[in-house]
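1. predicted model and sequence follow; I will ask about them next.
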Amino acid sequence: YMNKSLPYHSSISNATITDINNINCKVRPKLLSIVNSDFFKFFKLNLFSECPFWDDNNGFCTNRACAVDIIEDGYDSLPDYWKPEVLGKIDDLNSLEKQPIDVQDEFLNELCNRKFLSNNPYSPLNCRDIDYCDVDYITNHPDAVLVDLTANPERFTGYGGEQSGLIWKSIYSENCFQTDDKNATGLAQEVFYKLISGMHASIGTHLSNDYLDVESGKWGPNLDLFMFRVGNWTERLENIYFNYAIVAKSIKKISPYLKNLEFCSQYDQKTLDLLGDISGNIDTTLFDENLIFDTELSSEVKDQFRIKFKNVTKIMDCVHCDRCRLWGKVQSTGYATSLKILLEMDNDPMFVVNSLTKYELIALLNTFDRISKSVQLINDFEVMYNEKYNKE
Ligand code: FAD
């Protein structure tokens, strides 16, 4: 396990792992209320979008058994409800799914009274590209449906093997920056790698915590799996904390501007109070984006960073497990939104605020919830580890 008195990344922050654990204890209950609220629990997803990077039927195995790794042995003898295509499917698509997408949109607009400007295709704001995610898929796609995230928790799905390995590989291989500025390029690569690795480790933490033991048929934490995937790797643990600092700082930065939003007449004040409470607990010094991004990152590297991160959000369409794709989209969109806030807001805050879609905001808060739960789980698993292995 990590040395908790050390900063999670010494060149950009003096905040230690313990500092982040303390912040997390305070914000965790508020974050839970937010992601369970009507406005924040819905995300839009296209279940049928095609993988834009390679031909799904060519080079990738589409046989359902290819998506099985951990429970590959004895796959045929598993009861149907334990099979990855069942564990990984999206449950409880509510009746909204059957409605045309503009009706679904209207439903969320009712929850959020202030119409987001970027919903207007003629908005002059659409001229400058400051997006780090593929916003089109969330705003315009005719096949997209609203999914209730609370009915589809992130958990073990059995998705794995060659397919998921190749997806991770292609995501990591986006990390190749080419400019004349060696310093900025090196920093961009480091930040990009940490972000992806932190997201990967967070997914591994969640699937180890909500794990199906196919022998007993019970769901619960699997300490050994967690140690194998995340706990034995100091770097992976630290990258989870790195991502926490990035997302937390972006929420701190955007929160003064959220006062003008109305999330739902019924819960509006409560949601705004919760957001205010969360941001009040985050110290601005948790992450110093200026140190990494402003002075050292040339605009050329920043442009590449944006394009590469956008590709990551598109690669999620290649994930064959629906529930994994859902959470992959939510989290890659959430990190993209954090980057947009951190890297673009200093130039023109209102431009960035007005360009945020409701789904970027929903993704941002749900991504904070995922990484915050991972931080809590790291501590829970540490207790389990000490009980199991360090007994005198
Ligand atoms: P993988 O996790 O596939 O990793 C491949 C290789 O990457 C490893 O061998 C290792 O060398 C390296 N690596 C692993 N972790 C890290 C890290 N943190 N940092 C740097 N390098 C690393 N499965 C579920 O059960 N539930 C889910 O919700 C889920 N969501 C997913 C979402 C996406 C977008 C993807 C691509 C996969 C998802 N999966 C999910 C599958 C899961 O992430 C693993 O791919 C799968 O469990 C197989 O794991 P593995 O041990 O083969 O290694």
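-> Nice, I can see it.

2. can I get the helix or strand where residue 314 lies as PDB, trimmed to CA atoms?
-> Assigning secondary structure by DSSP states H and E places residue 314 in helix 299-315. Listed in PDB are the C-alpha atoms of helix 299-315, where the atom choice follows Å, rounded to 0.1, in the frame of the first residue of the first chain:
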ATOM      1  CA  SER A 299      -1.000  25.400 -27.700                       C
ATOM      2  CA  GLU A 300       0.000  22.800 -30.300                       C
ATOM      3  CA  VAL A 301       0.400  20.100 -27.700                       C
ATOM      4  CA  LYS A 302      -2.900  21.200 -26.100                       C
ATOM      5  CA  ASP A 303      -4.600  20.800 -29.500                       C
ATOM      6  CA  GLN A 304      -3.200  17.300 -29.800                       C
ATOM      7  CA  PHE A 305      -4.300  16.500 -26.300                       C
ATOM      8  CA  ARG A 306      -7.800  17.600 -27.100                       C
ATOM      9  CA  ILE A 307      -8.000  15.500 -30.300                       C
ATOM     10  CA  LYS A 308      -6.500  12.400 -28.600                       C
ATOM     11  CA  PHE A 309      -8.900  12.600 -25.700                       C
ATOM     12  CA  LYS A 310     -11.800  13.000 -28.100                       C
ATOM     13  CA  ASN A 311     -10.700   9.800 -29.800                       C
ATOM     14  CA  VAL A 312     -10.800   8.000 -26.400                       C
ATOM     15  CA  THR A 313     -14.400   8.900 -26.000                       C
ATOM     16  CA  LYS A 314     -15.100   7.600 -29.500                       C
ATOM     17  CA  ILE A 315     -13.100   4.300 -28.800                       C
END
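
3. what's the mean pLDDT across the helix or strand following it?
-> Beyond helix 299-315 in the direction of the C-terminus, DSSP H and E gives the next helix or strand as helix 322-344. If you average the pLDDT over helix 322-344, you get 90.

4. before we move on, back to that, other SSEs contacting the helix holding residue 314?
-> Contacts defined by 3 or more CB pairs under 8 Å, 6 or more residues apart in numbering; DSSP states H and E place helix 299-315 against helix 161-172, helix 182-209, helix 322-344. The way it works is simple: take the backbone N, C-alpha and C, and place the C-beta from them, glycine included.

5. any idea which helix or strand comes after the last one?
-> Per DSSP H and E, the first helix or strand lying C-terminal to helix 322-344 is helix 349-355.

6. show me what counts as buried in that following helix.
-> 352, 353, 355 (16 or more other CB atoms under 10 Å).

7. how about those in TSV, adding distance to the ligand and pLDDT?
-> TSV is the format used below for the buried residues of helix 349-355 (distance: CB to the nearest ligand atom, whole Å; pLDDT from 0 to 100):
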residue	distance to the ligand	pLDDT
352	26	82
353	29	81
355	25	76
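
8. around the ligand, pick out the residues from the stretch 251-392 of the chain.
-> Residues of the stretch 251-392 of the chain lying close to the ligand (CB under 6 Å from any ligand atom) are 316, 319, 323, 324, 327, 328.

9. the fourth one contacts residue 158, doesn't it?
-> No - taking contact to mean CB atoms under 8 Å, the distance of 10.0 Å between residue 324 and residue 158 leaves them out of contact.

10. low-confidence ranges, the stretch 51-200 of the chain, go.
-> Low-confidence regions of the stretch 51-200 of the chain, defined here as pLDDT under 70, cover residues 53-143.

11. what does it have sitting close to the ligand?
-> Within the stretch 51-200 of the chain, the positions near the ligand by CB under 6 Å from any ligand atom are 69, 154, 156, 157, 159, 160, 164, 165, 167, 168, 197, 200.

12. now the residue nearest the centre of the chain: closest residue in space that isn't a chain neighbour?
-> The chain has residue 331 as the residue nearest its centroid, 1.6 Å off, counting by CA atoms, centre = their mean. Counting by CB to CB, 6 or more residues apart in numbering, residue 367 is the residue found nearest to residue 331 once chain neighbours are left out, at 5.0 Å.
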